[in-house]
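Student: Using only what follows, build the 3D model:
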Amino acid sequence: YSFFGLAQKAGFHSKSVFISSFKAQTGQTPTAFAASMRKLIQV
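Tutor: Residues are numbered from 1 along each chain as shown. From the prediction side, this is the model:
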């Protein structure tokens, strides 16, 4: 799934609203969060 595909399954109908909500909860955009998780997993 793409980030927006997951967002739609979670009930978000707007990509920008999803990104804003995600950033408010995590402090990062979905793309930045995924990149940080990839780095964490590779260690």
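Student: For the helix or strand bottoming out on mean pLDDT in the chain, which residues meet the burial criterion?
Tutor: When each helix and strand of the chain is scored by mean pLDDT, DSSP states H and E, helix 3-9 comes last, with a mean of 91. Using 16 or more other Cβ atoms under 10 Å as the test for burial, helix 3-9 gives Phe3, Ala7. Using the backbone N, CA and C atoms, a C-beta is placed for each residue, glycine as well.
Student: which residues touch that helix?
Tutor: Tyr1, Lys15, Phe18, Pro30, Thr31, Ala34 (Cβ atoms under 8 Å, 6 or more residues apart in numbering).
Student: Make TSV out of the residues you listed and add neighbour count and secondary structure.
Tutor: Converted to TSV, these look like this (neighbours: other Cβ atoms under 10 Å; DSSP: H, G, I helix; E, B strand; the rest coil):
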residue	neighbour count	secondary structure
Tyr1	8	coil
Lys15	14	helix
Phe18	19	helix
Pro30	18	helix
Thr31	11	helix
Ala34	12	helix
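Student: Closest to Ala24 out of those?
Tutor: For those, the closest approach to Ala24 (Cβ to Cβ) belongs to Phe18, at 10.7 Å.
Student: what ranges of this protein fall below the confidence cut-off?
Tutor: Per-residue confidence for the chain (pLDDT under 70) gives these ranges: 43.
Student: what residue is smack in the middle of it?
Tutor: Closest residue to the average C-alpha location of the chain: Pro30 at 2.7 Å, with Cα atoms, centre = their mean.
Student: Setting the sequence-adjacent residues aside, check what's closest to that one.
Tutor: Distances taken as Cβ to Cβ, 6 or more residues apart in numbering place Phe3 nearest to Pro30, at 4.4 Å, with adjacent residues excluded.
Student: any idea how far the one you found is from His13?
Tutor: To His13, Phe3 is 14 Å away according to Cβ to Cβ, to the nearest Å.
Student: Also Thr31?
Tutor: Taking Cβ to Cβ, one finds Thr31 at 20 Å from His13.
Student: Repeat that for Tyr1.
Tutor: Tyr1 is 16 Å from His13, by Cβ to Cβ.
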